[in-house]
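Participant: model this:
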Amino acid sequence: MKSEAGILKFLDKAFWVVWIALPFLIGVRVYFGVTSTHFNAGAGACAGIPIIDFSLQGKILAGVFIGVNVVLYLILLGCMHSLIRQFSRGSLFVEATLNSMVRISVLLLAWPFFQLIFLNLTSYVLFVLGDVSDWKLQYSLDLSLITSGMVILALRLVMSQAIKLHQDAQYTI
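Facilitator: Numbers count the residues shown, from 1 in each chain. Next up is the predicted model:
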């Protein structure tokens, strides 16, 4: 029990380190997002010109795309940190934990589909604006995120059943 508490305390501190480093991490993400080629033109998602060379409308649209992705990461990071803090306070088999797990799993399940649609829409609008020379439909999904979301939902189901069994055992005694 003491080792689990130490691990949870370490994870909580690690999350605080990430929160402190977040402005730097976001700055690096924005820098590489602006200076590298990201939107599809020609052969794939990494071909084309850098965002910094786009028109004003294209820069705004690409900035919104990057910003939405950063916000999704922030939401996921916040939910995970909240869950770790609940665990460290001993709130393992409670309704708040189950709700946090549902939020995380829904985000992980929906994110790849949202990102795919948003990337294709953004790329198409950039093509219409003339910022990229060619548009090609992207159809790759991040299966690791979808699988992680399904595993977290399965764990939530197991934890929910454990709570019910525990309550039944308390009523039996």
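Participant: Count the neighbours of Gly58 for me.
Facilitator: Residues lying near Gly58 (other CB atoms under 10 Å) number 22. Where you see a C-beta, it was placed from the backbone N, CA and C, and this is true even at glycine.
Participant: For it, give me its contacts.
Facilitator: Shown in contact with Gly58 (CB atoms under 8 Å, 6 or more residues apart in numbering): Ile51, Leu126, Leu129, Asp131.
Participant: Counting by contacts, list what the helix or strand containing Tyr124 packs against.
Facilitator: Element membership of Tyr124, judged by DSSP states H and E, is helix 95-129. When contacts are defined as 3 or more CB pairs under 8 Å, 6 or more residues apart in numbering; DSSP states H and E, helix 95-129 sits against helix 56-88, helix 143-172.
Participant: Off-centre distance for the longest one?
Facilitator: Counting by CA atoms, centre = their mean, to the nearest Å, helix 56-88 is centred 7 Å from the centre of its parent chain.
Participant: and what of the last one?
Facilitator: Distance, stretch centre to chain centre, for helix 143-172: 21 Å (CA atoms, centre = their mean).
Participant: before we move on, back to that, so of the helices and strands packed on helix 95-129, which one's packed in deepest?
Facilitator: Mean neighbour count (mean count of other CB atoms under 10 Å) peaks for helix 56-88 among the helices and strands packed on helix 95-129, with a mean of 16.
Participant: quick one: the residue nearest the centre of the chain from Tyr31, how far?
Facilitator: The residue lying closest to the centre of the chain (CA atoms, centre = their mean) is Tyr73, at 4.0 Å. Look at Tyr73 and Tyr31: by CB to CB, to the nearest Å, they are 16 Å apart.
Participant: want to try JSON lines for the helices and strands packed on helix 95-129, with mean pLDDT as columns?
Facilitator: Formatted as JSON lines, the helices and strands packed on helix 95-129 follow (pLDDT from 0 to 100):
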{"stretch": "helix 56-88", "mean pLDDT": "89"}
{"stretch": "helix 143-172", "mean pLDDT": "85"}
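Participant: Brilliant, that's me finished.
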